[in-house]
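In: pasting the sequence and the predicted coordinates here, then a few questions.
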Amino acid sequence: MDQKTDTRPSGRIGYVCKRYPRFSETFIVNEILAHEAAGQPIEIFSLRPSDETHFQDSLSRVRAGVTRIKDRPKPSGQFWQVMQAAFARYPQGVTRLLAEPDTSFDDVFQALQLAVHVHDRGITLLHAHFATVATTVARLASIVTGVPYSLTAHAKDIYFDYEETQDLPRKMADAAQVITVSDFNQAYLARTFGLGPSRLTRLYNGLDLERFAWQAPQDDATDILAVGRLVEKKGFHVLIEAMLTLKQRGLTARCTIVGAGEDETRLRNQIAACGLGESVRLTGPMPQRDIIELMRNAAIFACPCVVSRDGNRDGLPTVLIEAMALGLPVVSTDVVGIPELVRDGETGLCVAEGDPLALADAMERLLGDAALRQRLSRDARALIEAEFEITRNAARQREVFARAVAARVA
């Protein structure tokens, strides 16, 4: 989009994240880099310490500083110091916050710190990723400061059955703007919370396509690649079952699963029980540049997402968008917004979730048809260029931000 027509909000945008950075949340880094390239001032606030061991290569290009918001007042007098600092800037706002029902001590403590930063740094909008704790704190800080907040809702934060209520109706009602990452989510949020098009926007997570140049798939490639956290919703247990089916059919394909997570021991035991130790390997986490190299040489990217027993699910996995941008043919499942991206027979093969036989059939079909892989690869890249390019999508997001800021001014 031509920057001359780019609508940017006035002031600074404060990004509020539960943890920043996180390796699995490349979409946040992509957004921030695109905003900075367009001249939009950004501040980043992290509510918890990062516990990652690997980071995106692009992280070093982010210019915005990261402010860690303390989540426990130590010593105990620190809470009153923060309260006094916020009261000196927003006496009426602190009074409003103290009258807010059903707030936790920790959330209030973080919201007061954030409010001080909002005042001192000229922040005109708070934007939270995920409708859980980041939005909780952003909303409370908004009550103190009068500065509006917006949020991006993804998937787990919408559908997961949390033990403690996340109070989504109140968060959705008070947000100046709500963004979500798929048509599926948009329809659900509109139906469930009564959000109309003036306040609810579907905006796909964008990708810097200059970093993900398309390459035609190799006709002689045979390896299957999967990338993601080793948790139930990623469906890797289904992929292992599908690999066993391929082995029983006499196919000797190899599968590499990249990632770490709570299900690692269970998956390793499943691989051993299926006798797949020679054909399925778990590598642990890897730097993004190494993952891209694996994608360049694989035959298929498998993304067998499922809805887990607790309701957790993926919305639109960024790694799936990356694979398609690079030209790697994909097989995925009909979970949440994935069919909007993996259009069966057009941009990839999309099968029913939790069905290892259907997954095996799709992988076998792709492995045996180089012409199909070539066609799906080209059409997938065309879709990514049309709907997922970060510069265009970030410009649309700034338009949403500008509406949120303008609504407060009005």
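Out: Nice, I can see it.

In: could you pull out the strands in the stretch 1-150 of the chain for me?
Out: Applying DSSP state E, counting those that start in this stretch to the stretch 1-150 of the chain gives strands spanning 12-19, 42-48, 66-68, 123-129, 149-153.

In: so can I have CSV of the ones you listed showing mean neighbour count?
Out: Quick note: C-beta positions are derived from backbone N, CA and C, even for glycine. Below are these laid out as CSV (neighbours: other Cβ atoms under 10 Å):
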stretch, mean neighbour count
strand 12-19, 22
strand 42-48, 20
strand 66-68, 15
strand 123-129, 26
strand 149-153, 27
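
In: Ala370 is nearest to which of those?
Out: Nearest of the strands of the stretch 1-150 of the chain to Ala370, taken as Cβ to Cβ: strand 149-153 at 38.5 Å.

In: one step back: now the strands of the stretch 1-150 of the chain in CSV, with distance to Thr95?
Out: Below are the strands of the stretch 1-150 of the chain laid out as CSV (distance: least, Cβ to Cβ, whole Å):
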stretch, distance to Thr95
strand 12-19, 22
strand 42-48, 23
strand 66-68, 25
strand 123-129, 20
strand 149-153, 19
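
In: mean pLDDT and distance to Ser60 added to the ones you listed, as TSV?
Out: Shown next, in TSV, are the strands of the stretch 1-150 of the chain (pLDDT from 0 to 100; distance: least, Cβ to Cβ, whole Å):
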stretch	mean pLDDT	distance to Ser60
strand 12-19	97	17
strand 42-48	97	14
strand 66-68	96	13
strand 123-129	98	20
strand 149-153	98	24
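
In: now stretch 271-282: buried residues?
Out: Ile271, Cys274, Leu276, Ser279, Val280, Leu282 (16 or more other Cβ atoms under 10 Å).

In: and the two most separated of those?
Out: Cys274 and Leu282 (13.3 Å).

In: now the helices for the stretch 301-410 of the chain?
Out: Using DSSP state H, counting those that start in this stretch, the helices of the stretch 301-410 of the chain run over residues 318-326, 338-341, 356-367, 370-387, 390-409.

In: which members of the buried residues of stretch 271-282 are positioned in strands?
Out: The members of the buried residues of stretch 271-282 that map onto strands under DSSP state E are Val280, Leu282.

In: make a markdown table out of the buried residues of stretch 271-282 and add distance to Tyr162.
Out: Shown next, in a markdown table, are these (distance: Cβ to Cβ, whole Å):
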| residue | distance to Tyr162 |
| --- | --- |
| Ile271 | 31 |
| Cys274 | 34 |
| Leu276 | 35 |
| Ser279 | 38 |
| Val280 | 33 |
| Leu282 | 29 |
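
In: measure how far stretch 325-340 is from the centre of its chain, please.
Out: 15 Å (Cα atoms, centre = their mean, to the nearest Å).

In: stretch 172-192 now?
Out: 15 Å.

In: straight-line length of that stretch, end to end?
Out: Distance across stretch 172-192, first residue to last, is 10 Å (Cα to Cα, to the nearest Å).

In: then stretch 219-228?
Out: Rule used - Cα to Cα; the end-to-end distance of stretch 219-228 is 25 Å.

In: any stretches of the stretch 301-410 of the chain with poor pLDDT?
Out: 409-410 (pLDDT under 70).

In: rerun that using 90 as the cut-off
Out: Filtered on pLDDT under 90, the stretch 301-410 of the chain yields the residue ranges 310-312, 315, 407-410.

In: then the stretch 101-250 of the chain?
Out: 102, 156, 160-166.
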